[in-house]
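Trainee: how would this look folded up:
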Amino acid sequence: MNSFILAVAELPLLSDIVVIFGLATLVILVFMRLKLPTIIGYLLTGAIAGPYGLSLVYASTAVEVLSEIGVILLLFVIGLEFSLKSLMAIKKAVFIGGSLQVSLTIGTTALISYLFGFSWNISVFFGFLFALSSTAIVLKLLQESGQVNTISGRTTLAILIFQDIIIVPLVLFTPMLAGESDNVLLSLFYMALKGGLVILLTILSAKYLIPQLLYRIAKTKNEELFLLSIIVTCFAVAYATSLLGLSLGLGAFLAGLIISESEYSHHATGKILPFREIFLSFFFVSVGMLFDISFLTEHLLLILALVALTFVVKFIVASLAVKSLGSSFKESFIVGFSIFQVGEFSLLLAKEGLKYELLDNTTYQFFLAISILTMIITPFVLKQREKLAYRVLNTPMPKKIKDRLEERVQVPEIELEKELLNDHLVIIGYGLNGRNLARAAKRAKINYVIIEMNPETVKVEAAKGEPIIYGDAGNAVVLEHVQIHKARVAVIAISNQPATTGIIMNIREASQNVFIIVRTRYVNEIESMLNMGADEVIPEEFETSIEIFTRVLNKYLVPKGEIDDFTDDVRFHNYEVFRTPSNDSSVPSLDIPEINFSGIKIEKDYGQFIGKSIKDSNLREKSGLNLVAIKREGKTLTDITGHTKIKLGDIVYVVGKPEALESFVEEVGIG
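Mentor: Numbers count the residues shown, from 1 in each chain. From the prediction side, this is the model:
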């Protein structure tokens, strides 16, 4: 017992883990009740447990190591869900958009800092610090909301990837800003060489090595071995990139890309996610531990002003960088509202600044306060980023600027038959739902027009003769082009809730008469959509549940008419059945027959029913079953008479009570 106590005393990390998880559980429970983002709960946990709070954590260095593992696993999962093909598709956004965002932020921040009286080298270093955004927070929030693969999500990911790459040269330049005489250009040359080598190895591994290795491991059907191989791949590639002077996070992302090219990526993601969540919580706690609340209260107004300045500058710079790629203003603003915060790698870079005396302790505390406050407000801003983008677009401004914004909207010159755009159907989004709706409208001879944001889809479908245009339905110019005010019905068939809200608002501004039908993901989004102006909301969650219970009731041989009545009743009550207790009187009763329908294979060549006619064996009286059909030698026989015989190898389809079926299986089957 004494040895155990001694071991715990020598291992402060163990007590710290208990403190962190115990405190985090309480804080997150409160945050869930208040419907606040859990990330902020972890930051608050760190602030309470850290050296500026109650000083409950002692092994802060070990906590930082665990937090680094969390960031590695996060980027690894992002890589798993991506692919080399997807990465190549956004290479322009990575290198052009990313380099513009970083360089413009450095330049703007350096200029502002210089005007505030800082020397040029310190001003440039401030630019380094504020150029980076939080990969961990932004990607986690985008992943939770399912928006990583949206246009703005991919662009955001591209810029964050570039920031993870650029951190290495920024670290190399830091000593030079402090007056050190290291040969930075030679170091950058070697880094570029190493980066090229890493990319080449990534491509070769993804194509030839890892798929074969995982195939052999999967064949063993050993889940522990599979998990071990995935973790080894992740950390081995991350470690290799760190040895080459590149970031661990970049290596983890590349490891995920390598595995994503195999058919085992989804299985690997499911295995890794629980570990990611555990270790990533340490990252947010470790950031929160840096937060000095007393320093914040002493300089509150100045810090809040600097936070606002950081927000505005980074938003404008990021929006301009994304706009230069040819994106719409809306998409540019969405990305701007996503990466306005200061990132975790900036905290590491700030420590380098302290080391080389580019920052004093007071400036360092100001920077920490700004960084953590921008991280804290990120979940709130990211959740509302599309609404905020629409608000910027709709902000009252001089007509010349407003015209400038609107004239950039790409409305292709596709010849729509304007005389047919009256009492027509407008389909927004041409995914599976949009395609099926267009097909039905065509068959019913209903005039329709489609609005779609994917230019490739527009190009292909327009060539087929579909009345489709490229554009953002959240923009008044696009809606006017399809004469939304003359339409009878508008169907919003996209799965992006914030974008859907903006589209509803713009349609309602153009017309109060259009009947708006909305597709959404969850039942709990119905009320907000209806309040925004939608006439009917169809959640996928609900429709899936109807399909499930319809098939279940069919299997229980409930009459089709009763199933249809039940379904109609559920829809009529606007899905309230799924929110009320099971004894609610609004749910109609169903008559479940005490019989089953089953197919049974005849596996014995003897018995009271085998080789005899149904009449002679008295099948119905003795077994309690009705014979409906027989499948014999690949043919289904439905013309059953009293002279029909059951033979070895037949599959007989019978109807009866469960106990009768069970008894019959024992009579004719093996077992």
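
Trainee: only C-alpha atoms for contact and neighbour calcs from this point on.
Mentor: Noted.

Trainee: Any regions of the stretch 151-300 of the chain where pLDDT drops low?
Mentor: When residues are selected by pLDDT under 70, those of the stretch 151-300 of the chain lie in 168, 172, 180-188, 191, 247.

Trainee: Strands of that one, residue ranges please.
Mentor: Secondary structure of the stretch 151-300 of the chain by DSSP state E, counting those that start in this stretch: no strands are present.

Trainee: and if you look at the chain?
Mentor: Secondary structure of the chain by DSSP state E: the strands cover 425-428, 448-452, 468-470, 489-492, 515-520, 536-539, 596-601, 626-632, 635-637, 651-656.

Trainee: the domain parsing of the chain - what is it?
Mentor: The chain breaks down by automatic domain parsing into domains covering 12-393, 410-520, 596-668.

Trainee: looking at the ones you listed, which is closest to T550?
Mentor: Distances from T550 to each of the domains of the chain were compared by C-alpha to C-alpha, and the smallest falls on domain 596-668, at 16.3 Å.

Trainee: Tell me the buried residues in the longest helix along the chain?
Mentor: For the chain, the helix reaching the highest residue count under DSSP state H is reported as helix 151-177. Along helix 151-177, these residues count as buried under the neighbour rule (16 or more other C-alpha atoms under 10 Å): 151-169, 171-175, 177.

Trainee: quick one: L358 from I484, how far?
Mentor: 58 Å (C-alpha to C-alpha, to the nearest Å).

Trainee: actually M529, not the one I typed
Mentor: Using C-alpha to C-alpha, one gets 19 Å for the distance from M529 to I484.

Trainee: Kindly report the same for L388.
Mentor: The span separating L388 from I484 equals 24 Å under the rule C-alpha to C-alpha.

Trainee: of those two, who's got more company?
Mentor: Neighbour comparison, L388 and I484: the larger count goes to I484, with 26 against 19 (by other C-alpha atoms under 10 Å).

Trainee: ok so, going back, want to throw the strands of the chain into JSON lines with distance to L257, mean neighbour count and mean pLDDT?
Mentor: Listed next are those as JSON lines, based on distance: least, C-alpha to C-alpha, whole Å; neighbours: other C-alpha atoms under 10 Å; pLDDT from 0 to 100:
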{"stretch": "strand 425-428", "distance to L257": "33", "mean neighbour count": "25", "mean pLDDT": "91"}
{"stretch": "strand 448-452", "distance to L257": "29", "mean neighbour count": "23", "mean pLDDT": "90"}
{"stretch": "strand 468-470", "distance to L257": "31", "mean neighbour count": "26", "mean pLDDT": "84"}
{"stretch": "strand 489-492", "distance to L257": "33", "mean neighbour count": "23", "mean pLDDT": "90"}
{"stretch": "strand 515-520", "distance to L257": "31", "mean neighbour count": "22", "mean pLDDT": "86"}
{"stretch": "strand 536-539", "distance to L257": "33", "mean neighbour count": "19", "mean pLDDT": "82"}
{"stretch": "strand 596-601", "distance to L257": "47", "mean neighbour count": "17", "mean pLDDT": "81"}
{"stretch": "strand 626-632", "distance to L257": "49", "mean neighbour count": "17", "mean pLDDT": "87"}
{"stretch": "strand 635-637", "distance to L257": "50", "mean neighbour count": "12", "mean pLDDT": "85"}
{"stretch": "strand 651-656", "distance to L257": "49", "mean neighbour count": "19", "mean pLDDT": "87"}
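
Trainee: which stretch among the ones you listed comes nearest V313?
Mentor: Taking C-alpha to C-alpha, strand 468-470 is the member of those nearest to V313, at 31.1 Å.

Trainee: Relative to the closest one, what are the paired strands and their orientations?
Mentor: Strand 468-470 pairs in its sheet with strand 448-452 (parallel), by DSSP bridges.

Trainee: Can you give the distance of the strand it pairs with from its chain's centre?
Mentor: When C-alpha coordinates are averaged (C-alpha atoms, centre = their mean, to the nearest Å), strand 448-452 and its chain have centres 26 Å apart.

Trainee: please renumber so the chain begins at 44
Mentor: Yes, from this point I'll number from 44; that puts the last item at strand 491-495.

Trainee: Give me the contact list for that strand.
Mentor: Counting by C-alpha atoms under 8 Å, 6 or more residues apart in numbering, strand 491-495 makes contact with 464, 467-473, 481, 484, 501, 510-516, 525, all of which sit outside it.

Trainee: one more time with 10 Å
Mentor: Contacts of strand 491-495 with the rest of the structure, by C-alpha atoms under 10 Å, 6 or more residues apart in numbering, involve 459-460, 463-474, 477-478, 480-481, 484-485, 501, 509-516, 521-522, 525-527, 530, 532-535, 537.

Trainee: Not counting residues beside it along the chain, what's closest to E306?
Mentor: Using C-alpha to C-alpha, 6 or more residues apart in numbering and skipping residues adjacent in sequence, the residue nearest E306 is P254, 7.9 Å away.

Trainee: Pull the contacting residues for the one you found.
Mentor: For P254, the contact set (C-alpha under 10 Å, 6+ apart) comprises 248, 260, 301-307.

Trainee: Buried ones from these, can you make that a PyMOL selection?
Mentor: In PyMOL, selecting the buried portion of the contacts of P254, with burial taken from 16+ other C-alpha under 10 Å, looks like this:
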select buried, resi 248+260+301+302+303+304+305+307
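
Trainee: Keep only those of the contacts of P254 that are in helices.
Mentor: Those of the contacts of P254 mapping onto helices are 260, 301-303, per DSSP H.

Trainee: which one of those residues sits closest to I273?
Mentor: Checking these against I273 with C-alpha to C-alpha, the nearest one is I302 at 8.3 Å.
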